[in-house]
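Undergrad: Next one to model:
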Amino acid sequence: MDREEVRSRGWVLKAYAPRGNLTSEHLELRETILDVGSLPENHVAVKALWISVEPYLRAKMYGRDVGLCATQCPLNQVVKWYGIGEVLRSNSPIYGNGDIVLNPFLSLSEYSVAPAEIIHKVDSDAGIPLHEYLGTLGIAGFSAWVGVNEVGQVKAGENVFISAAAGGVGIIAGQLAKIKGCRVIGSAGTDEKVKLLKEELGYDDAFNYKKEKDFDAALSKYFPDGIDVYLDNVGGKMLEAVLNHINNGARIPISGMVSQYTQVWTERDGVRNLLNLVGKEAKMQGFLIRSYLHLLPVFTAEMIGYMKQGKLKTKHKIYEGIEYLLESLNAIFSGINTGKVAIKVL
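TA: Numbers count the residues shown, from 1 in each chain. As a prediction, this is how the structure comes out:
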């Protein structure tokens with residue numbers, strides 16, 4: 001192949017951030033020259049179209065393991081993450097120019113080079129918006145599906161509680177539990193989100209956790225018959241309160257603990273009533289979706305079916321331009337976004 005250079009802006013990790021939000025002291029948008037013509041064998045050059053923004057990405061920039069088994073990003077290199085792109089040049093018999101691909105190791109840059117065996121082709125003619133492959137059909141949707149079906153094992157008629165219910169995972173999880181015939185209550189951080197959950201997404205009820213001064217009292221009100229399944233997205237004080245309201249045999253799938261991510265472990269909220277798990281013979285289980293990848297075909301087929309039947313509604317917060325990475329990632333931890341967060345690379 002002939003040499004062909006493109007200018008590519010990408011986010012470089014300058015310093016780790018063991019606590020708090022990421023700033024320009026930690027991440028810097030730099031322009032580099034990338035040769036997309038002289039590709040190694042079985043590699044492709046990809047132009048980024050969409051970048052997924054997840055809380056887990058923050059966990060890769062602490063400089064240490066935070067309990068999520070998150071491999072830390074190397075310093076002074078462009079961060080690699082998950083996204084959708086278009087094949088610009090290919091030195092692989094599998095992919096051709098113009099193919100749309102999911103790339104689990106897409107650089108957080110406008111252009112990147114990746115081994116062909118780690119990417120997956122997207123059917124761009126399937127009638128599904130590309131950003132849905134990062135949300136409903138991506139990490140957020142898969143996390144919700146695993147939490148509800150595999151770990152939570154929800155059953156019709158059960159009482160299900162979803163925290164961070166207006167986030168990327170929570171929005172899907174609550175709807176899946178409703179499809180299964182459960183009574184579903186969610187918590188969110190604004191009155192607008194509560195209204196969304198109740199009026200648009202089919203939740204049986206919801207409450208603004210920022211207005212509830214006593215979580216224990218709130219859960220007594222919304223769950224007079226106790227909680228059978230709690231999909232935990234926040235941890236901390238909410239998890240502790242839930243443990244006082246679980247029923248016998250309750251299941252608590254832990255998808256994440258967003259309220260604790262920006263703190264070192266010695267500063268995080270402790271949970272004092274774990275003994276309730278014994279008395280109620282309940283199960284609390286953390287999970288990573290990489291352990292369930294063998295179920296991806298089942299998940300994808302089921303979710304596409306729900307989408308085509310109009311059983312799943314989606315919400316997205318889309319930032320236009322790669323320069324909004326810091327703003328979009330920090331916004332997740334402030335709770336100002338609704339639904340799946342993604343960047344459209346212009």
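
Undergrad: Next up, the contacts around residue 24.
TA: residue 326 (Cβ atoms under 8 Å, 6 or more residues apart in numbering). Every C-beta, even on glycine, is put in place using the N, C-alpha and C of the backbone.

Undergrad: Doesn't it belong to a strand?
TA: No: counting by DSSP: H, G, I helix; E, B strand; the rest coil, residue 24 is not part of a strand but coil.

Undergrad: The closest residue to residue 59 other than its chain neighbours: neighbouring residues, count only.
TA: Nearest residue to residue 59, sequence neighbours excluded (Cβ to Cβ, 6 or more residues apart in numbering): residue 70, at 4.0 Å. For residue 70, the neighbour count with other Cβ atoms under 10 Å is 17.

Undergrad: same question, residue 252
TA: The burial count for residue 252: 23, using other Cβ under 10 Å.

Undergrad: same deal with residue 50?
TA: A count of nearby residues for residue 50, using other Cβ under 10 Å, gives 24.

Undergrad: partner residues bridging it?
TA: residue 84, residue 344 (DSSP bridges).

Undergrad: And the residue nearest to residue 59, how far from residue 108?
TA: Remark: distance between residue 70 and residue 108 (Cβ to Cβ, to the nearest Å) = 15 Å.

Undergrad: how does the chain divide up, domain by domain?
TA: Under the assignment automatic domain parsing, the domains of the chain span 5-135+314-344, 141-290.

Undergrad: low-scoring stretches of the stretch 1-150 of the chain, by residue?
TA: Under the criterion pLDDT under 70, the flagged ranges of the stretch 1-150 of the chain are 1-2, 65-68.

Undergrad: In it, what residue spans correspond to helices?
TA: Secondary structure of the stretch 1-150 of the chain (DSSP state H, counting those that start in this stretch): helices located at 55-59, 139-145.

Undergrad: Tell me which of these is the most buried.
TA: Neighbour counts (mean count of other Cβ atoms under 10 Å) averaged over each of those peak at helix 139-145, with a mean of 25.

Undergrad: List every C-alpha atom in that one, with coordinates, as CSV.
TA: What follows is helix 139-145, C-alpha atoms only, in CSV (Å, rounded to 0.1, in the frame of the first residue of the first chain):
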residue,chain,number,x,y,z
ILE,A,139,-22.5,-2.2,26.7
ALA,A,140,-25.4,-0.4,28.5
GLY,A,141,-28.1,-2.6,27.0
PHE,A,142,-26.1,-5.8,27.5
SER,A,143,-25.4,-4.8,31.2
ALA,A,144,-29.1,-4.3,31.7
TRP,A,145,-30.1,-7.5,30.1
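
Undergrad: re earlier: now distance to residue 33 too, for the helices of the stretch 1-150 of the chain, in JSON lines please.
TA: Below are the helices of the stretch 1-150 of the chain laid out as JSON lines (distance: least, Cβ to Cβ, whole Å):
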{"stretch": "helix 55-59", "distance to residue 33": "26"}
{"stretch": "helix 139-145", "distance to residue 33": "31"}
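
Undergrad: for the ones you listed, which one sits closest to residue 49?
TA: Closest to residue 49 of the helices of the stretch 1-150 of the chain, according to Cβ to Cβ: helix 139-145, at 16.6 Å.

Undergrad: I'd like the next helix or strand past that closest one.
TA: Scanning forward in sequence from helix 139-145 by DSSP states H and E, the next helix or strand is strand 159-162.

Undergrad: so what secondary structure elements neighbour that next one?
TA: helix 168-179, strand 183-188, strand 227-231 (3 or more Cβ pairs under 8 Å, 6 or more residues apart in numbering; DSSP states H and E).

Undergrad: Just checking: what are the partner strands of the second one?
TA: Spelled out, it's strand 183-188. strand 159-162 (parallel), strand 205-208 (parallel).

Undergrad: Export the ones you listed as JSON lines, with columns for mean neighbour count and mean pLDDT.
TA: JSON lines is the format used below for those (neighbours: other Cβ atoms under 10 Å; pLDDT from 0 to 100):
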{"stretch": "strand 159-162", "mean neighbour count": "28", "mean pLDDT": "98"}
{"stretch": "strand 205-208", "mean neighbour count": "19", "mean pLDDT": "98"}
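
Undergrad: Ok, which of these comes nearest residue 224?
TA: Judging those by Cβ to Cβ, what sits closest to residue 224 is strand 159-162, at 9.3 Å.

Undergrad: what's the closest one in contact with?
TA: Looking at what lies outside strand 159-162 - Cβ under 8 Å, 6+ apart - the contacts are 148, 152, 154, 170, 173-174, 177, 182-187, 219, 222-223, 225-231, 233, 242, 247.

Undergrad: Understood, closing this out.
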